[in-house]
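Pasting the sequence and the predicted coordinates here, then a few questions.
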Amino acid sequence: MWDFYTGAAIQSSVAVGHNGLICFGTDTGKLYSFYDDGRGVWEYLTQDRIVASPAIGPKGTIYFGSYDGSVYALSPEGVEEWRFKANGPVASSVAIGPGGVIV
């Protein structure tokens, strides 16, 4: 058992990848990444809060939306792969459809 203080509310559920990577967003706009034993891996800062749950693809890519109006794709190492600017805050969770299509 382990715990971690984020300094802000956590409204998103966690996403768990096949390698034991756990990701979740906070009201500070940070997406946190941990291994299942509690070791922190990385943090990624957006411009606004993250309330929706991230999704982790089969290759470990993490997809999530932020109230800053963007949908992000991060590598398993926490490096931004791409960003899509939406027409407003992204409050719903990202889903991975057939063939890896992000919806």
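Nice, thanks for sending it over.

tell me the helices in this structure, going along the chain?
Taking DSSP state H, the chain contains no helices at all.

Point out where it drops to low pLDDT.
Along the chain, the model assigns pLDDT under 70 to no residue.

just the strands in this protein please.
Counting by DSSP state E, the segments of the chain that form strands are 15-16, 21-25, 30-35, 40-45, 55-56, 62-65, 70-74, 80-85.

just checking, what packs against the last one?
Translated: strand 80-85. strand 70-74 (3 or more Cβ pairs under 8 Å, 6 or more residues apart in numbering; DSSP states H and E). Every C-beta, even on glycine, is put in place using the N, C-alpha and C of the backbone.

and what of the first one?
Counting contacts by 3+ Cβ pairs under 8 Å, 6+ apart, strand 15-16 is packed against strand 21-25, strand 55-56.

Given it, what are its sheet partners and their directions?
strand 21-25 (antiparallel) (DSSP bridges).

which residues touch the partner strand?
Outside strand 21-25, the residues that touch it by Cβ atoms under 8 Å, 6 or more residues apart in numbering are 10-17, 31-36, 41, 49-54, 56, 60, 62, 64, 66, 76.

hmm, 6 Å instead?
Here strand 21-25 makes contact (Cβ atoms under 6 Å, 6 or more residues apart in numbering) with 10, 12, 14-16, 31-34, 50, 54, 62.

Export only the CA atoms of it, formatted as CSV.
Extracted C-alpha coordinates of strand 21-25, given in CSV (Å, rounded to 0.1, in the frame of the first residue of the first chain):
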residue,chain,number,x,y,z
LEU,A,21,1.8,1.9,-15.3
ILE,A,22,-0.9,3.9,-13.4
CYS,A,23,-2.0,7.3,-14.7
PHE,A,24,-4.5,9.9,-13.3
GLY,A,25,-5.2,13.6,-13.7
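
how far does that strand sit from the chain's center?
6 Å (Cα atoms, centre = their mean, to the nearest Å).

do stretch 19-32 as well
5 Å.

same thing with stretch 74-83?
Stretch 74-83 has its C-alpha centroid displaced from the chain centroid by 10 Å (Cα atoms, centre = their mean).
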